[in-house]
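>>> model the following, please.
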Amino acid sequence: MGEWVLKVLFNYDWLHAKLSSMSIHDVLADFDAAIKAGPSDPELGLLASALRVGGPNIGCNANSLAFDLLGRLLVYYDYQALLSLLTYLLICVFFILSLLSFVTVYNVFILA
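The predicted structure is shown next:
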């Protein structure tokens, strides 16, 4: 896998920012170009297929990206060979925890 793929396509912040400003089809076009350009990579294929399946949800709300990817890719968490995917899932978990902590604090202020 190329170094740019690891730095760009497996970067949660980049993916979230691109989904916030562009459509899911533009993001999938980037994944398709990376898949065609390089050798077969199972991690890239899994991430691209998870984005394809979750496209309607993610396209409507980019903040659901972490929840959607975690739900679709958590099955592959025990595969040690998929190291980039494991780190990506951990980033999704941290993003979800930051959102949940915000919601909890927000609810406390609303109820107080």
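>>> can you map out the helices along this protein?
3-4, 12-21, 24-37, 42-53, 55-60, 65-73, 83-111 (DSSP state H).
>>> pull out the buried residues from the fifth one.
This points to helix 55-60. Neighbour counts over helix 55-60 (16 or more other CB atoms under 10 Å) mark 55, 58-59 as buried. Any C-beta I mention is one placed from the backbone N, CA and C, and that applies to glycine too.
>>> same deal with the third one?
Neighbour-count burial for helix 24-37 flags 24, 27, 30-31, 34-35 (criterion: 16+ other CB under 10 Å).
>>> which ones are touching the closest residue to Leu74 other than its chain neighbours?
The shortest distance from Leu74 to any non-neighbouring residue, by CB to CB, 6 or more residues apart in numbering, is to Leu89 (6.8 Å). Taking CB atoms under 8 Å, 6 or more residues apart in numbering as the contact definition, Leu89 lies against 69-70, 73-74, 77.
>>> Phe10 now?
With contact set as CB under 8 Å, 6+ apart, Phe10 has these partners: 43, 47, 84, 87-88.
>>> quick check, pLDDT for it.
Phe10 is assigned a pLDDT of 81 by the prediction.
>>> do you know how far it is from Pro56?
Counting by CB to CB, to the nearest Å, the gap between Phe10 and Pro56 amounts to 23 Å.
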